[in-house]
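1. give the three-dimensional model of this entry:
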Amino acid sequence: MSLSSYRPCREGETLRAVWVLPISQAGSLGLDMCIGRLFQSSHLQRAWRAAFLKHNQCRHQGALRWTHSGGGPYRAVIFDMSGVLIPSLGRVAAEWEVQNHIPSGTILKAFISGGENGLWMKFMRGETTKEDFLQELGRLCSEISKMSVPVDSFFSVLTSKEVAKQFPVMTEAITRIRAKGLKTAILSNNFYLSNGKSFLPLDRKQFDVVVESCQEGVCKPDPRIYKLCLERLSLQPSESIFLDDLEQNLKAAASLGLHTIKVNDPETAVKELEALLGFTLRTVMPNTRPVSETVDIPKDSLEKYLKDLLGTQTTGPLELLQFDHRLSSPTYYIKVADYQLLLRKKPPGTLFLPACTVEREFRIMKALANAGVPVLKVLDLCEDPRVIGTPFYLMEYCPGLIYKDPSLPGLESSQRWAIYTAMNRVLCKIHSVDLEAIGLGDYRKQGDYFPCQVQNWIKQYRASETSTIPAMERLIEWLLLHLPRQQKTTVVHGAFRLDNLLFHPKKTEVLAILNWELSTLGDPLADVASSCLAHYLPSSFPMLQGLSDCDLTQLGIPTAEECFRMYCLHMGIPPAENWNFYMAFSFFREAAILQGVYKRSLTGQASLATTERSGKLTEFMSNLAWDFAIKEGFRVFKEMPQNR
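-> Predicted structure coming up:
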């Protein structure tokens, strides 16, 4: 489940961030197209679009004449809720089905059954109770899927606090809109809960006007509900901007004279809203947020340290922001005087990742920089926990592009191929470093890499285990029986993926390899397998967006097999004979990491807000690992490795 949806970097844009969370983008187009082919009648198409479909950007209206106190043409911004302020209902349904092994599209097909006067539309107009709605929904879903569907579970997820959290970028935008003297409103197709209250998991104080379909007895795209919202705002249509994720709703609003913005993801929508309003709605540094209480840093102590380190030039207030990121070490952006720095610190509490220390990261990045491997320049390592509570190190800030979506939307096919080629070549550069020459010969204790790694991750998984997962149990036994012989020892990054690379804003050149917290010495093919993880994950996967449902040929992205062969060609080595082990291990490690992050979130230690849900994803990831354990990873493999 994507709890936040951010736009991927596009060609020529500068993303001023370093450690970021691969958060799932709005990517239900494939599902929409599939369902659209199943339901071709105009009656059902209209109902489907009114409830779920995401289409291309609608055209904006012409120049508007009204002004507000700030001097611009608009006096209010009106927000839809689902798909704009919180995750879309369609995405919640699709991802819940994956996690619960329900046939894809079951929930949505049941919702559109009956068209505009069907079950879902009546529920949103307040014409049926939650209990009656769920009873009928369960019946319809069972008929469609030919199996029992726990719709109560789906509804609980849909309305849970974890899923229905407001996107931070939208919260900040609303705050800044109101600070400029503009009005805000929420206009939502909504429903009643069992307690008689409507489902609105938001702070109502954010809005001057709240209009909900279940309370008014009318739903978008009915023009009456838009007119009602405008009346309560005491504004003309041309004085307002309306944000929604559904084309049908936007067309209805535009026909009345409202300016509209199609929301495919919150980050992009806010950027477009900024252009219309003429003032900023976001933190200047993308992919950052105010420092959370659990990982706060004592500013006074940090300022004193920075003054001693950088000299007397560091005058003026210190700006401190926290990066969203996936792994365990909190990372911060610091701006003080003319300096822009990055700080990476050991997380509070108990760690659930092996050999995850900032001291090791600092050492390997400093050594690799001397070997010509592109890494961020490290400045200083502070091992004194009295300064900010834990050891930390500082790096120079470097602007560049981080491609969080592996499908690289907005780029040409040739550009996508070039980016994946650059990724492959920089991996070869890591694996070609002379360990002794740069002083890394003792970076890890001697011994075979995989026996150690498998045992370490089993230990970490057991330490964070919260329930028995059958696939993990089978996988652990299989991995121990199929350990490969190590042919070569190199630096191993440990989490080598596209989103851990910082690219040049104008060229397909890797400026820096990020996130070295799992680095060690070992089998280089572990990194090659890690670089191929996205090829086997769906684009809707919440924490590691994938490519498995994409047409790679059309996109111009090399397949996993092509990436593997490209690497072997660059390194001058033959293909591995047991590639399925490497992939199984990579997914096993990801499953163990997800479980560890989930366990930390239960104790309030995790710095990433969405980790509460990662516990449900562990089983999904372990099942993918088990798939590799029982079948071929690539066509070149003729049989499973023999037990050792």
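2. give the contact list for residue 492.
-> Neighbouring residues of residue 492 by C-beta atoms under 8 Å, 6 or more residues apart in numbering: 449, 519-524, 526-527. C-beta here means a position set from N, CA and C on the backbone, and glycine is covered the same way.
3. what two of those are the furthest from one another?
-> 519 and 523 (13.3 Å; C-beta to C-beta).
4. quick one: which of the two has more around it?
-> For residue 519 versus residue 523, neighbours defined as other C-beta atoms under 10 Å are more numerous around residue 519 (27 against 24).
5. was I right about the more buried one contacting residue 363?
-> No - taking contacts as C-beta atoms under 8 Å, residue 519 lies outside contact range of residue 363: 9.4 Å.
6. now do the shared contacts for those two.
-> In contact with both residue 519 and residue 363: residue 443, using C-beta under 8 Å, 6+ apart.
7. average pLDDT across the one helix or strand residue 304 maps to?
-> Using DSSP states H and E, residue 304 sits in helix 299-310. Per-residue pLDDT over helix 299-310 has a mean of 90.
8. check the offset of it from the chain's centre.
-> 33 Å (C-alpha atoms, centre = their mean, to the nearest Å).
9. so who does residue 119 touch?
-> Residue 119 sits next to 110-111, 113, 128, 133, 136-137, 140 when contact means C-beta under 8 Å, 6+ apart.
10. after the helix holding residue 304, next one along is what?
-> That would be, after helix 299-310 and using DSSP H and E, strand 318-323.
11. partner strands of that next one, parallel or antiparallel?
-> strand 288-289 (antiparallel), strand 331-336 (antiparallel) (DSSP bridges).
12. chain center to the first one: distance?
-> The gap between where strand 288-289 is centred and where its chain is centred comes out at 14 Å by C-alpha atoms, centre = their mean.
13. what segments of the stretch 351-500 of the chain are strands?
-> 378-382, 392-396, 490-492 (DSSP state E, counting those that start in this stretch).
14. tell me which of the ones you listed sits nearest to residue 269.
-> It is, among these and with distance given as C-beta to C-beta, strand 392-396, at 31.8 Å.
15. contacts only, for the residue nearest to residue 123 when sequence neighbours are not counted.
-> Spatial nearest neighbour of residue 123, chain neighbours left out: residue 133 (4.6 Å); criterion: C-beta to C-beta, 6 or more residues apart in numbering. Contacts for residue 133 (C-beta under 8 Å, 6+ apart) come out as 119, 122-123, 191.
16. can you pick the most crowded of those residues?
-> Most surrounded of the contacts of residue 133: other C-beta under 10 Å gives residue 123, at 25 neighbours.
17. isn't that residue up against residue 189?
-> No - assessed by C-beta under 8 Å, residue 123 is found out of contact with residue 189, at 9.8 Å.
18. so how far is residue 557 from residue 551?
-> 9 Å (C-beta to C-beta, to the nearest Å).
19. same question but for residue 293, I mixed them up
-> Distance, residue 293 to residue 557, using C-beta to C-beta: 41 Å.
20. same question for residue 230.
-> In terms of C-beta to C-beta, residue 230 sits 46 Å off from residue 557.
21. higher neighbour count, residue 551 and residue 557?
-> In this view residue 551 and residue 557 are compared by other C-beta under 10 Å, and residue 557 has more residues nearby, 23 against 10.
22. list the contacts of that one.
-> Contacts of residue 557 by C-beta under 8 Å, 6+ apart are 406-408, 416-417, 420, 547, 550.
23. report the secondary structure state of it.
-> With DSSP: H, G, I helix; E, B strand; the rest coil as the basis, residue 557 sits in coil.
24. possible to save the contacts of residue 557 as a markdown table with neighbour count and distance to residue 104?
-> A markdown table is the format used below for those (neighbours: other C-beta atoms under 10 Å; distance: C-beta to C-beta, whole Å):
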| residue | neighbour count | distance to residue 104 |
| --- | --- | --- |
| 406 | 25 | 21 |
| 407 | 22 | 19 |
| 408 | 24 | 25 |
| 416 | 21 | 26 |
| 417 | 18 | 30 |
| 420 | 22 | 28 |
| 547 | 23 | 17 |
| 550 | 18 | 16 |
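25. in TSV: those residues, plus distance to residue 437 and pLDDT.
-> Shown next, in TSV, are the contacts of residue 557 (distance: C-beta to C-beta, whole Å; pLDDT from 0 to 100):
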residue	distance to residue 437	pLDDT
406	34	96
407	39	95
408	35	94
416	35	96
417	33	97
420	29	98
547	37	95
550	41	94
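26. quick one: low-confidence parts of the stretch 401-550 of the chain?
-> 446-447 (pLDDT under 70).
27. and the helices in it?
-> 413-431, 449-464, 470-481, 525-531 (DSSP state H, counting those that start in this stretch).
28. so which of those helices comes closest to residue 159?
-> Nearest to residue 159 among these is helix 449-464 (28.0 Å), distances taken as C-beta to C-beta.
29. buried stuff in the closest one?
-> By 16 or more other C-beta atoms under 10 Å, the buried positions in helix 449-464 come out as 449-450, 452-454, 456-458, 460-461, 464.
30. so which two of these are the farthest from each other?
-> The widest separation within the buried residues of helix 449-464 (C-beta to C-beta) is 22.3 Å, between 449 and 464.
31. pretty sure residue 383 sits against residue 360.
-> No - using C-beta under 8 Å as the test, residue 383 is too far from residue 360 to be in contact (11.9 Å).
32. same drill for the two, tell me which one is more crowded.
-> residue 360 (17 against 14).
33. which residue packs closest to that one, ignoring adjacent ones?
-> residue 519 (6.9 Å).
34. ok, residue 537 next?
-> residue 546 (2.7 Å).
35. the one you found: what's it in contact with?
-> Counting by C-beta under 8 Å, 6+ apart, residue 546 has contacts 406, 533-539.
36. so, low pLDDT: which residues of the stretch 51-200 of the chain?
-> By pLDDT under 70, the low-scoring segments of the stretch 51-200 of the chain are 51-72.
37. how about the strands in it?
-> Counting by DSSP E, counting those that start in this stretch, the strands of the stretch 51-200 of the chain are 76-79, 183-188.
38. can you dump the C-alpha atoms of the first one in PDB for me?
-> Included here for strand 76-79 are C-alpha records, laid out as PDB according to Å, rounded to 0.1, in the frame of the first residue of the first chain:
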ATOM      1  CA  ALA A  76      -9.900  29.300  -2.700                       C
ATOM      2  CA  VAL A  77      -8.500  25.800  -3.300                       C
ATOM      3  CA  ILE A  78     -11.000  22.800  -3.200                       C
ATOM      4  CA  PHE A  79      -9.600  19.400  -2.500                       C
END
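39. just the strands paired with strand 318-323: most buried one?
-> strand 331-336 (a mean of 21; mean count of other C-beta atoms under 10 Å).
40. need the CA coordinates for it. CSV is fine.
-> What follows is strand 331-336 as a C-alpha-only set of coordinates in CSV (Å, rounded to 0.1, in the frame of the first residue of the first chain):
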residue,chain,number,x,y,z
THR,A,331,19.8,11.2,7.4
TYR,A,332,19.5,15.0,7.6
TYR,A,333,20.0,18.0,5.4
ILE,A,334,21.8,20.9,7.1
LYS,A,335,22.1,24.4,5.9
VAL,A,336,24.2,26.8,7.9
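41. can you give me the angle that strand makes with strand 392-396?
-> Counting by axes from the mean of the first three to the mean of the last three C-alpha atoms, to 10 degrees, strand 331-336 lies at 60 degrees to strand 392-396.
42. ok, and what's touching the helix or strand following strand 331-336?
-> Counting by DSSP H and E, the element after strand 331-336 in chain order, helix or strand, is strand 339-345. Here strand 339-345 makes contact (C-beta under 8 Å, 6+ apart) with 18-19, 295, 297, 302, 306, 310, 314, 329-335, 358, 361, 376, 379, 388-397.
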